[in-house]
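# model this:
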Amino acid sequence: MNSDTIVIWGAGAMGGSIGAWLVRAGQPVLFVDTDEQRARVMRDAGLKIFGAVDEFSLDADCVHPSDVTSEITTVFLAVKAHHTEASDQASKPCWLVTES
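The predicted model follows:
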């Protein structure tokens, strides 16, 4: 993962959709999700988006939070409200804090 990678923490409907459009726009994206099956399916079969606006598939890298070993500079938190605190705590060890 390079320093320009956007981490989408939560690869469900909202995180998956937003991340897919970022990938399509040429941005490097890493999806992170606690659901091991979702992460495996995304890695193996890619991410499929379908709806009223468009339908497309793309390759997607999705890992479990415990597999995030690089420093994170940009995180898009896309979890349900009741998972926010746990996601915040799980991602903190990976944050790269810089002073401007």
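
# any idea how far Asp35 is from Glu55?
Applying C-beta to C-beta, to the nearest Å, one obtains 23 Å for the distance of Asp35 from Glu55. All C-beta spots, glycine's among them, are computed from the backbone N, C-alpha and C.

# With neighbour numbers in mind, choose between these two.
With neighbours defined as other C-beta atoms under 10 Å, Asp35 and Glu55 compare such that Asp35 has more, 14 against 9.

# For that one, give its distance to Asn2.
Asp35 sits 25 Å away from Asn2, going by C-beta to C-beta.

# same deal with Leu77?
20 Å.

# More neighbours: these two, which one.
Leu77 (15 against 8).

# Give me the buried positions along the top helix by length along the chain.
What stands out as the longest helix in the chain, according to DSSP state H, is helix 13-24. When neighbours are counted by 16 or more other C-beta atoms under 10 Å, the buried residues of helix 13-24 are found to be Gly15, Gly16, Ser17, Ile18, Gly19, Ala20, Trp21, Val23.
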